[in-house]
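# any chance you can model this:
(one chain, ligands or ions: 2)
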Amino acid sequence: MKIAVFAGDGIGPEVTREAVRVLEALGLPGLELIEGDVGGAAWRKHGHPLPPQTLAIAHAADAILFGAVGDFQCDHLERALRPEQAILGLRKELGLFANLRPAKVFPGLEDRSALRPEVAGSIDLLIVRELNGDVYFGEKGIRTLPDGRRQGWDMMSYAEDEVRRIAHVGYKAAQGRGGRLCSVDKANVLETSQLWRDVMIEVSAEYPDVELSHLYVDNAAMQLVKSPGQFDVIVTGNLFGDILSDQASMCVGSIGLLASASMAVGTKGLYEPIHGSAPDIAGQDKANPMATILSAAMLLRHSFGREADAARIEAAVAKALEDGFLGGDLGGSHGTRALGDAVLERL
Ligand code: IPM
Ligand code: MG
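Ligands and ions are numbered 1, 2, ... in the order given. Model prediction:
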């Protein structure tokens, strides 16, 4: 079990440390952890956010546990050298096109949601976000127009095969859950979305047992706070998925609770909390490690087929939360290490 550990910037190292302790406590056969530098930390050491030696570790590993990247001291750098390029580069280089972001309210935490408890209690959804295309990876730049005005531009596009492969991930996920797939786009305005919708409908013929619906992204954002319980699986593009998953996290209660898996074809995957590097609280034992610990559970499930171990971790996290082990993000006062300890004790 070769697992690359890329802790990154800000709170990344703290939250990753707790997830690693959890993995080590399970007594996994042949567990091998290989650390690598990413983000601003890697740029300081090697002059690049995703240096070749890190990429080599990523290629050689069966799975990657990722902390967070982002460092405002790098804001002056050209885009290619910014910390975010580490995660974007890994997603692209490893072909990690399918991002799974489950959002479920933990028992006892209904009142921590930004929504009313009776609304929040019904949340149990999965966002399937396409991760290799869209406006994220299109041609982009800032250019000067003939009249001297500067213009920023980012090209949004999806090829039909890119949509088709994420559609299959969405349909299969729905088959394994409640059998309902909601495709989110902006087909009333964008041609990219029209193609997206056409392909979603085309692929639906192969999944007669899955009920397909469509929502425009603005309506989806509204429905997500109005009645989040209506959603089973949401499938959407890179940008809309980025935005909706942050929104879903606050419906659950905190961005510190949401884990994610980014899968290539096969079992290779990168696992990371959906949150960022939170430099304002870095190094202060304030960050919530639960999202990263839950990402380690997803790693065991999706890359190694160790469902029982994954479920054990998830149960330990749920129990720790139920027993009142909450960080500042959820109105509690427990620190990063104390939360990790609480999970380990229950494990
Ligand atoms: C995420 C993050 C990244 C994204 C950033 C750090 C590039 O927000 O994983 O959701 O936009 O995909
Ligand atoms: Mg995001």
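
# would you point out the helix or strand in the chain whose mean pLDDT is lowest?
When the helices and strands of the chain are compared on mean pLDDT, DSSP states H and E, helix 117-120 comes out lowest with a mean of 92.

# next, the buried residues of it.
Along helix 117-120, the positions that meet the burial threshold by neighbour count (16 or more other Cβ atoms under 10 Å) are 119-120. (C-beta placed from N, C-alpha, C; glycine too.)

# same check, this time on stretch 22-38
Of the residues in stretch 22-38, those scored as buried under the neighbour-count criterion (16+ other Cβ under 10 Å) are 22-23, 36-38.

# I'd like the average pLDDT over the helix or strand that contains residue 183.
Residue 183 belongs to strand 180-185 when assigned by DSSP states H and E. Averaged across strand 180-185, the pLDDT comes to 98.

# please save the CA atoms from the next helix or strand after it in PDB.
Secondary structure here is assigned by DSSP H and E; on that basis, the next helix or strand after strand 180-185 toward the C-terminus is helix 191-204. What follows is helix 191-204, C-alpha atoms only, in PDB (Å, rounded to 0.1, in the frame of the first residue of the first chain):
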ATOM      1  CA  GLU A 191     -23.300  26.200 -25.400                       C
ATOM      2  CA  THR A 192     -20.900  24.100 -23.300                       C
ATOM      3  CA  SER A 193     -23.800  23.300 -21.000                       C
ATOM      4  CA  GLN A 194     -26.100  22.500 -23.900                       C
ATOM      5  CA  LEU A 195     -23.600  19.800 -25.000                       C
ATOM      6  CA  TRP A 196     -23.300  18.700 -21.400                       C
ATOM      7  CA  ARG A 197     -27.100  18.200 -21.200                       C
ATOM      8  CA  ASP A 198     -27.400  16.500 -24.500                       C
ATOM      9  CA  VAL A 199     -24.700  13.900 -23.500                       C
ATOM     10  CA  MET A 200     -26.200  13.400 -20.100                       C
ATOM     11  CA  ILE A 201     -29.500  12.500 -21.800                       C
ATOM     12  CA  GLU A 202     -27.800  10.300 -24.400                       C
ATOM     13  CA  VAL A 203     -26.000   8.300 -21.700                       C
ATOM     14  CA  SER A 204     -29.200   7.900 -19.600                       C
END
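
# strands paired with the helix or strand that helix 191-204 is followed by, and their directions?
Towards the C-terminus, the helix or strand next in line after helix 191-204, according to DSSP H and E, is strand 211-216. Partners of strand 211-216 in the sheet, by DSSP bridges, are strand 180-185 (parallel).

# just to revisit the earlier point, what residues does the least confident helix or strand of the chain touch?
By Cβ atoms under 8 Å, 6 or more residues apart in numbering, the surrounding residues in contact with helix 117-120 are 105, 110-111, 113, 227-229, 251-253.

# so what's the residue in the chain that ligand 1 sits nearest to closest to, chain neighbours aside?
Proximity of the chain to ligand 1 (Cβ to the nearest ligand atom) peaks at residue 84, 4.1 Å away. Counting by Cβ to Cβ, 6 or more residues apart in numbering, the nearest residue to residue 84 once its immediate chain neighbours are dropped is residue 69, at 6.0 Å.

# can you pull the contacts of the one you found?
Residue 69 sits next to 8-9, 12, 38-40, 49, 83-84, 86-87, 276-277 when contact means Cβ under 8 Å, 6+ apart.

# out of these, which two sit at the greatest distance?
By the measure Cβ to Cβ, the contacts of residue 69 have their two most distant members at 49 and 276, which lie 14.3 Å apart.

# so which of these two has more stuff around it?
Set residue 49 next to residue 276 and count neighbours by other Cβ atoms under 10 Å: residue 49 wins out with 30 against 18.
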